[in-house]
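Asks: sharing a model that was predicted from the sequence below.
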Amino acid sequence: MKIVADEGIEARLVLGLRETGFDVLYIAEEMPSLPDEGVLDLSLRENRLLLTRDKDFGDLVYRDRKKHNGIVLVRLKDTMPTLEKVKIVCDAFRQHGTGFQGAFTVIDENYIRIRN
């Protein structure tokens with residue numbers, strides 16, 4: 001599965017996804033400060049899911065009707081240990097990843113909501 005990780009995603013989470021076998025393009029490494037619309041366009045062009053903590057992508061999709069391949073919004077508490085975040089997100093991608101295609105998904109510590 002191919003993923004674009006927005007700048008706000010922790011580097012350790014990106015590393016965990018890569019170690020699990022996911023192909024992750026990390027904006028912080030490749031194109032720091034790329035505007036949200038550019039990140040969304042990149043994920044569409046490269047047929048990648050967008051992993052983000054930025055709720056503004058919801059506005060782009062629902063208000064502005066921007067096309068996307070799938071957006072996964074991570075809403076885990078900042079106080080949660082990083083390794084726990086890595087486990088939750090990696091497990092979600094392993095279990096539901098294909099269901100994330102074309103959907104707007106929210107992952108928090110209690111649920112995964114997939115909205116097509």
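Replies: Ah, there it is.
Asks: use CA for all of it now, contacts and neighbours both
Replies: Noted.
Asks: and the residue nearest to Leu60 when sequence neighbours are not counted, its phi and psi?
Replies: Nearest non-adjacent residue to Leu60, counting by C-alpha to C-alpha, 6 or more residues apart in numbering: Lys66, 5.6 Å away. Dihedral angles of Lys66 (phi, psi; degrees, to the nearest 10) stand at phi -70, psi 140.
Asks: would you confirm that Lys66 contacts Phe57?
Replies: No. At 9.2 Å, Lys66 and Phe57 do not qualify as touching, with contact defined as C-alpha atoms under 8 Å.
Asks: re earlier: okay, now the residue nearest to Leu60: neighbour count?
Replies: Using other C-alpha atoms under 10 Å, Lys66 has 14 neighbouring residues.
Asks: same thing with Ala28?
Replies: Ala28: 16 neighbours (other C-alpha under 10 Å).
Asks: same question, Thr105
Replies: Around Thr105 there are 20 residues (other C-alpha under 10 Å).
Asks: for Gly97, see how far away it is.
Replies: In this structure, Thr105 and Gly97 are 10 Å apart, going by C-alpha to C-alpha, to the nearest Å.
Asks: ditto for Val14
Replies: For Val14, the distance to Gly97 - C-alpha to C-alpha - is 15 Å.
Asks: more neighbours: these two, which one.
Replies: Of the pair Val14 and Gly97, Val14 is the one with more neighbours under other C-alpha under 10 Å, namely 24 against 16.
Asks: picking up where we left off before, what pLDDT does the residue nearest to Leu60 get?
Replies: Lys66 is assigned 94 on the pLDDT scale.
Asks: in the protein, which helix is the longest?
Replies: Counting by DSSP state H, the longest helix found in the chain is helix 82-96.
Asks: helix or strand next in line after it, which one?
Replies: Tracing the chain C-terminally past helix 82-96 and defining elements by DSSP states H and E, one meets strand 104-107 next.
Asks: now do the contacts for Asp41.
Replies: Residues in contact with Asp41 (C-alpha atoms under 8 Å, 6 or more residues apart in numbering) are His68.
Asks: pLDDT score assigned to it?
Replies: Looking at Asp41, the pLDDT reads 96.
Asks: which helix or strand contains it?
Replies: Asp41 belongs to helix 36-45, assigned by DSSP H and E.
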